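Trainee: Predicted coordinates and the sequence they were generated for:
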Amino acid sequence: MLDRFFHLRARRTSLRTEILGGVTTFVTLSYVVFVQPAVLATTGMEPGAVLVATCLASAFATLLMGLWARYPIAVAPAMGHNFYFAFTVAGPVAAGGLGYGWQVALGANCLAGIAFLVLSLVGLRERRIDAIPDSLKHAIAAGIGLLIALVGFEWAGIVRPVPGTIIGLGRLAAPPTLVAIGGTLLTAALLARRAPGAIVIGTLATGLAAGLAGFVRFHGILAPPPSLAPTFARLDLGAALWPDLVHVVFVLFFLGLFDTVGTLVGVAEQAGFLVESAAGVQAGARTGLASVVTAGLFLVALFCAPLARMAGQGVPVGDATLHPIVAPALIMVGSFMMRSVARIDLADPPAAVASFLTLVTMPFAFSITEGIAFGFIAYAALMLAAGRGRKCTPCSTCSRRSS
């Protein structure tokens, strides 16, 4: 029955191989189960409810990918979305955020999702992504990676705000910082050895070290899933329809667009974007059966709330609150996303300069929105200055014709 439905023999795979691929994919991306609640908890969202929502949404979407599309591709929250949601849209104004609150941010994200679905159904999704120069797409991914890594460095205590400048070195000798540095080095070493699940192994090892050192409290390993009630259907669609939120919906929409296209291309080509599903493909997965296995493991992760709660605990150090357990994962994810820099066309001045502005503005201004705006405006202005304005048509593949 499985062979008839998933065409295992036709795709030169087996039940054992697909199960191994699905498990490998889950182990590789399961860090989101720990990192997502920690990041979104900064907005006031209840971490346990975030964990349940993460696991249920990921399991449903991945199962749909496996049974309907029959592809070995897992679907889970993207870190770029998380950070824009938590630190820009819902972040406090004093910290550089827009201060809308997580309920409004959820409403804006819902509108972006509806727009994504509608444009996909009418066939305009590909035209929208083609209208953006390839170099800017890769610069946006790399810029988000730098922003994620910056937060990871801050949460580790490696860097800190310094009066008169942007940031400086933190108290590297502080025990929580040493644990975070050790966790980062361990994770990097596991990645260098191509160990499956390097990030989640590094996160668990860092958590063990933090627990033994007494920085965080151990809450156990397994427990019944937390309640979804604190966040379920709490989105504020009315406020998200305010004109002031148009740019927020726009950025959330394009982040989803980049993540989707990048994942599909990355899994197919085994190169380029950050794609955790590629690990499963490398392990031999070739059909949607691997996605079914991954979806099942997301449901099992619902019972790991105590570990996620421990990972998200803050550790006061001076006037800062560190998160040494999840910091290494953020730093590593940021480093992955920096791979996109290699695809920027540095030989083309408009693309190179606009990409540079996109890349550096995101971490320096602590804003994905400003980074995208700087890049788009600079690219259009430089193309006009170079006498190539006609090649920047709204819905053409200008990135492929601009040479």
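Mentor: Okay, I see it.

Trainee: neighbours of Ala239, just the number please.
Mentor: 16 (other C-beta atoms under 10 Å). Heads up, the C-betas are built off the backbone N, CA and C, glycines and all.

Trainee: Quick check: phi and psi at the spatially most central residue of the chain.
Mentor: The centroid of the chain falls nearest to Met79 when counting by C-alpha atoms, centre = their mean (1.8 Å). Here is the backbone geometry of Met79 (degrees, to the nearest 10): phi -60, psi -30.

Trainee: OK, contacts around it?
Mentor: Met79 makes contact with Val32, Val35, Val39, Ile144, Ile148, Leu330, Val333, Met337 under the criterion C-beta atoms under 8 Å, 6 or more residues apart in numbering.

Trainee: Over to Thr17?
Mentor: Ala283, Gly284, Ala285, Arg286.

Trainee: Show the contacting residues for the third one.
Mentor: Applying C-beta under 8 Å, 6+ apart, one finds that Ala285 lies in contact with Thr13, Thr17, Glu18, Leu20, Gly21, Gly22, Thr24, Thr25, Pro72.

Trainee: Correct me if wrong: the fifth one contacts Ser291.
Mentor: Just to be clear, that refers to Gly21. No. Between Gly21 and Ser291 there is no contact under C-beta atoms under 8 Å: 9.1 Å.

Trainee: Please enumerate the shared neighbours of these two.
Mentor: Common neighbours of Gly21 and Ser291 (criterion: C-beta under 8 Å, 6+ apart): Pro72.

Trainee: Looking at these two, which is more packed in?
Mentor: Each of Gly21 and Ser291 has its neighbours counted (other C-beta under 10 Å); Ser291 has more, 33 against 27.

Trainee: so how far is Ala76 from that one?
Mentor: 11 Å (C-beta to C-beta, to the nearest Å).

Trainee: Need the residues touching each of the two.
Mentor: In contact with both Ser291 and Ala76: Thr62, using C-beta under 8 Å, 6+ apart.

Trainee: Pro230: which of the contacts of Met79 is nearest?
Mentor: Val39 (16.3 Å; C-beta to C-beta).

Trainee: separation between the closest one and Leu29?
Mentor: Distance from Val39 to Leu29, by C-beta to C-beta: 15 Å.

Trainee: ok, Ala320 touching Trp155?
Mentor: No. Under the criterion of C-beta under 8 Å, Ala320 is not in contact with Trp155, lying 9.1 Å apart.

Trainee: Looking only at neighbour counts, state which of these two leads.
Mentor: The neighbour count for Ala320 versus Trp155, taken as other C-beta under 10 Å, is higher for Trp155 (28 against 17).

Trainee: quick one: pLDDT of the more buried one?
Mentor: We have a pLDDT of 95 for Trp155.

Trainee: and it, what are its phi and psi?
Mentor: According to degrees, to the nearest 10, Trp155 has phi -70, psi -30.

Trainee: Tell me how far it lies from Ala198.
Mentor: Taking C-beta to C-beta as the measure, Trp155 and Ala198 are separated by 19 Å.

Trainee: check contacts around Val33.
Mentor: Taking C-beta under 8 Å, 6+ apart as the test, what Val33 contacts is Leu51, Thr54, Cys55, Phe298, Ala301, Cys304, Ala308.

Trainee: same thing with Leu51?
Mentor: By C-beta under 8 Å, 6+ apart, the contact set of Leu51 is Val33, Gln36, Pro37, Pro226, Leu302, Cys304, Ala305, Ala308.

Trainee: Tyr84 now?
Mentor: By C-beta under 8 Å, 6+ apart, the residues touching Tyr84 are Ile144, Val251, Leu252, Leu255, Ile368, Thr369.
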